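[1] turn this into a model:
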Amino acid sequence: MDQLETYRKIVQQTIDEYADLKPSYGDIEVEKIYDTSRDHYELAYVGWDQHRRIHGPVLHLDIKDGKIWIQHDGTEDGIANDLVRAGIPPERIVLGFHHPDKRKHTSFAVS
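    Next up is the predicted model:
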């Protein structure tokens, strides 16, 4: 299996694990959105918590130029740590939600 396919598989498996963690409040649906032709991957919540509308991403990852870009991470512990545990080297993960000037202060890729 080539690197891109490996990254796709790991990203999808990791999102699948988070999708199993349904919120304990409200009537919330968990949606997995996989666009493998453009390498965009999201996990979103949609529904209601009493009278409050819930709609938005929990996770948004892209695979670009051989790296996994974490565009949004709404998890408690950080999906980057899960990806590293699954075998993705930190230098192949970009914390896209951090300003480029701040990325150099992490153990992950700058771009």
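
[2] neighbours around K102, how many?
    11 (other C-beta atoms under 10 Å). In this view, the C-beta of every residue, glycine as well, is placed from N, C-alpha and C.

[3] going forward, the N-terminal residue is numbered 57.
    Sure thing, new numbering starts at 57, so read that last one as K158.

[4] secondary structure element for it, which one?
    Per DSSP states H and E: K158 is located in helix 156-159.

[5] from the middle of its chain, how far away would that helix be?
    Here the centre of helix 156-159 is set off from its chain's centre by 19 Å, with C-alpha atoms, centre = their mean, to the nearest Å.

[6] which residues touch that helix?
    Under the contact criterion C-beta atoms under 8 Å, 6 or more residues apart in numbering, helix 156-159 has outside partners 150-151, 165-167.

[7] can you report how many residues neighbour D91?
    Residues contacting D91 under the criterion other C-beta under 10 Å number 10.

[8] ok so, going back, for PyMOL, what selects the buried ones among the contacts of helix 156-159?
    Buried residues within the contacts of helix 156-159, by 16 or more other C-beta atoms under 10 Å, are selected in PyMOL with:
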select buried, resi 150+151+165
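
[9] if we can go back for a sec, buried ones in the helix holding K158?
    Quick answer for helix 156-159 (16+ other C-beta under 10 Å): R159.

[10] go on, stretch 62-81?
    Buried residues in stretch 62-81, counting neighbours by 16+ other C-beta under 10 Å, are found at 63-64, 66-67, 70-71, 74.
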